[in-house]
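*Asks:* pasting the structure only:
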């Protein structure tokens, strides 16, 4: 009995907390109840003298944090000190008190405080290792077979793309030349990821009141079947971006630097991971092939100009004043060679005016994603279709076509109120005429 209670306290409650969204406070309370219950059960007489109070049967953790640690379910987090002004990351053991970061050799030092007067960091940045996560992913039973399903996927006969597996990029992405330059995703063990980056208000989406932004960087393994990719246990939360403000287009590189470093290692050399189907482990490699963000975040992370800039398009060189042009032949396509040349020129120069000139004439600035040899923002930055449907198309349907359920309900409500007001006015008019008739009768 004691063993069953102990096992339920150690296993069931932490698992429900991790997968069933049970609140941490409630889980801690239930663990305390289990611990008290186990202590009230009498011990076997034969073993009463040998069982000590700290025996494993009675060692139910007090908190879910301890229980997850015992079960090795907690992700390994690497914490750094984050500058609240420029988002530069520093080790926790750094003796620095002020941020010495410069965006180039000619710019001023940031100078923002990194620690409080008591020596504690003002802001910390938690990072989860992609390499550690892949190691745990492939160790799960059945995952290897799921990852291999993308290898047996045949191209659609009707030419329609229903999944990323059907895209030309999936078949055309080449492995490093040192490995022969074969199709990268045709090899068992080579993984493809998509990256989602966005910010949200932790206080809720309020139009009034104090606004703050906290971001998240999340990766999805595209080798998994479509029905498995978005399940919580298959999602990799790389890091939480500290608030209260969003990083600028120049500061975002400081936040994605650890992720880009791991992606570069996973592309060039790969890692050896033990799996249930192998004894000595096998090599896994990975590539980031899709940046899935809204319009603002995608341009910020990829180093591209805003949708309201002179060069508003990521695929062609059409100018903003030519946005209404429907002549497809006048849409000069961008090339990845020109993009890399402009990004390198922006990175190499140390003059702010030269960087501004390059950006204004090309709409391109350097992003750390450009350090990945295979990175092609012209093909890998996914078009923001969600906001096109919920924003542009919604506005067109409601305001231009007049297809608006809410507006119809409001109009019906106004019509009802108008009818009530008219009826009340007619009733008052009838009541106002009645006393006059009574007065005439009295006179007769």
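*Replies:* In hand now; what should we look at? Note that the structure is a prediction, hence the values are computed from the model and not measured.
*Asks:* just give the nearest non-adjacent residue to residue 160, would you?
*Replies:* Nearest residue to residue 160 in three dimensions, chain neighbours excluded: residue 166, at 7.5 Å (Cβ to Cβ, 6 or more residues apart in numbering). Every residue, glycine included, has its C-beta placed from N, CA and C.
*Asks:* what sits against that neighbour?
*Replies:* 153, 155, 156, 160 (Cβ atoms under 8 Å, 6 or more residues apart in numbering).
*Asks:* roughly how far apart are it and residue 355?
*Replies:* 39 Å (Cβ to Cβ, to the nearest Å).
*Asks:* per-residue pLDDT of the residue nearest to residue 160, please?
*Replies:* If you check residue 166, the pLDDT there is 89.
*Asks:* so how far is residue 148 from it?
*Replies:* Distance of residue 166 to residue 148, computed by Cβ to Cβ: 17 Å.
*Asks:* go on, residue 277?
*Replies:* Distance from residue 277 to residue 148, counting by Cβ to Cβ: 10 Å.
*Asks:* tell me where the stretch 101-250 of the chain has strands.
*Replies:* Along the stretch 101-250 of the chain, counting by DSSP state E, counting those that start in this stretch, strands occupy 124-128, 190-200, 214-221, 235-241.
*Asks:* who wins for proximity to residue 265 among these?
*Replies:* For the strands of the stretch 101-250 of the chain, the distance to residue 265 is smallest for strand 190-200, at 13.2 Å, taking Cβ to Cβ.
*Asks:* okay, the angle between the closest one and strand 235-241?
*Replies:* Interaxial angle of strand 190-200 relative to strand 235-241 (axes from the mean of the first three to the mean of the last three Cα atoms, to 10 degrees): 40 degrees.
*Asks:* show me which residues of stretch 259-279 are buried.
*Replies:* 259, 260, 262, 263, 266, 267, 270, 271, 273, 275 (16 or more other Cβ atoms under 10 Å).
*Asks:* ok, back up a step: between the strands of the stretch 101-250 of the chain, which one is nearest to residue 417?
*Replies:* Minimum separation from residue 417 across the strands of the stretch 101-250 of the chain (Cβ to Cβ) falls at strand 190-200, 37.6 Å.
*Asks:* got the angle for that closest one vs strand 214-221?
*Replies:* Computed with the same axes, to 10 degrees, the direction of strand 190-200 lies at 160 degrees from that of strand 214-221.
*Asks:* tell me the strands beside strand 190-200, with direction?
*Replies:* strand 214-221 (antiparallel), strand 282-292 (parallel) (DSSP bridges).
*Asks:* list of residues touching it?
*Replies:* Counting by Cβ under 8 Å, 6+ apart, residues outside strand 190-200 touching it are 134, 147, 164, 170, 173, 175, 184-185, 213-223, 236, 241, 246, 259, 266, 284-294, 297, 301, 382.
*Asks:* and these, which of them are buried?
*Replies:* The neighbour-count test (16+ other Cβ under 10 Å) marks 134, 147, 164, 170, 173, 175, 184-185, 213-215, 217, 219-223, 236, 241, 246, 259, 266, 284-294, 297, 301, 382 as buried among the contacts of strand 190-200.
*Asks:* what about the closest residue to residue 88 other than its chain neighbours, distance to residue 247?
*Replies:* In space, and not counting its chain neighbours, residue 88 is closest to residue 101: 4.3 Å by Cβ to Cβ, 6+ apart. Remark: distance between residue 101 and residue 247 (Cβ to Cβ) = 13 Å.
*Asks:* overlap of the contact sets of those two?
*Replies:* Taking Cβ under 8 Å, 6+ apart as the criterion, residue 101 and residue 247 both touch residue 254.
*Asks:* so where's this structure shaky on pLDDT?
*Replies:* The chain contains residues with pLDDT under 70 at 1-21, 37-59, 72-73, 204-211, 387-391, 404-412, 431-444.
*Asks:* can you pull the buried residues of stretch 127-147?
*Replies:* Neighbour-count burial for stretch 127-147 flags 127-130, 132-135, 137-138, 143-144, 146-147 (criterion: 16+ other Cβ under 10 Å).
*Asks:* can you put those residues in TSV and add distance to residue 94?
*Replies:* Shown next, in TSV, are those (distance: Cβ to Cβ, whole Å):
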residue	distance to residue 94
127	16
128	21
129	20
130	24
132	23
133	26
134	29
135	28
137	32
138	34
143	38
144	41
146	42
147	39
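*Asks:* among those, name the ones in helices.
*Replies:* Residues of these located in helices (DSSP state H): 130, 132, 133, 134, 135, 137, 138, 143, 144, 146, 147.
*Asks:* out of those residues, who's nearest residue 330?
*Replies:* residue 130 (42.2 Å).
*Asks:* residue 355: what's it in contact with?
*Replies:* Neighbours of residue 355 in contact, by Cβ under 8 Å, 6+ apart: 346, 349, 365.
*Asks:* nearest to residue 310 among those residues?
*Replies:* For the contacts of residue 355, the minimum distance to residue 310 (Cβ to Cβ) is 13.6 Å, reached by residue 365.
*Asks:* the closest one reaches residue 303, doesn't it?
*Replies:* Yes - Residue 365 is within contact range of residue 303, at 4.5 Å (criterion: Cβ atoms under 8 Å).
*Asks:* could you tell me which residues touch both of those two?
*Replies:* Taking Cβ under 8 Å, 6+ apart as the contact rule, residue 365 and residue 303 both touch 249, 343.
*Asks:* surely residue 420 is within a helix?
*Replies:* Yes - note on residue 420: a helix contains this position according to DSSP: H, G, I helix; E, B strand; the rest coil.
*Asks:* hang on, the earlier thing: out of the buried residues of stretch 259-279, which comes closest to residue 122?
*Replies:* Here the nearest of these to residue 122, counting by Cβ to Cβ, is residue 259; it sits at 23.1 Å.
*Asks:* got the contact list for that closest one?
*Replies:* Residue 259 is in contact with 130, 195, 217, 238, 239, counting by Cβ under 8 Å, 6+ apart.
*Asks:* and the one helix or strand it maps to with helix 130-139, angle?
*Replies:* Element membership for residue 259 (DSSP states H and E) is helix 252-268. Put simply, helix 252-268 runs at 50 degrees to helix 130-139, going by the same axes, to 10 degrees.
*Asks:* helix or strand right after helix 252-268?
*Replies:* Once the chain leaves helix 252-268, the next helix or strand it forms, by DSSP H and E, is strand 271-273.
*Asks:* and that following strand, what does it pack onto?
*Replies:* If contacts are counted by 3 or more Cβ pairs under 8 Å, 6 or more residues apart in numbering; DSSP states H and E, strand 271-273 sits against helix 130-139, strand 282-292.
*Asks:* that strand pairs with which strands?
*Replies:* Applying DSSP bridges, strand 271-273 is found paired with strand 282-292 (antiparallel).
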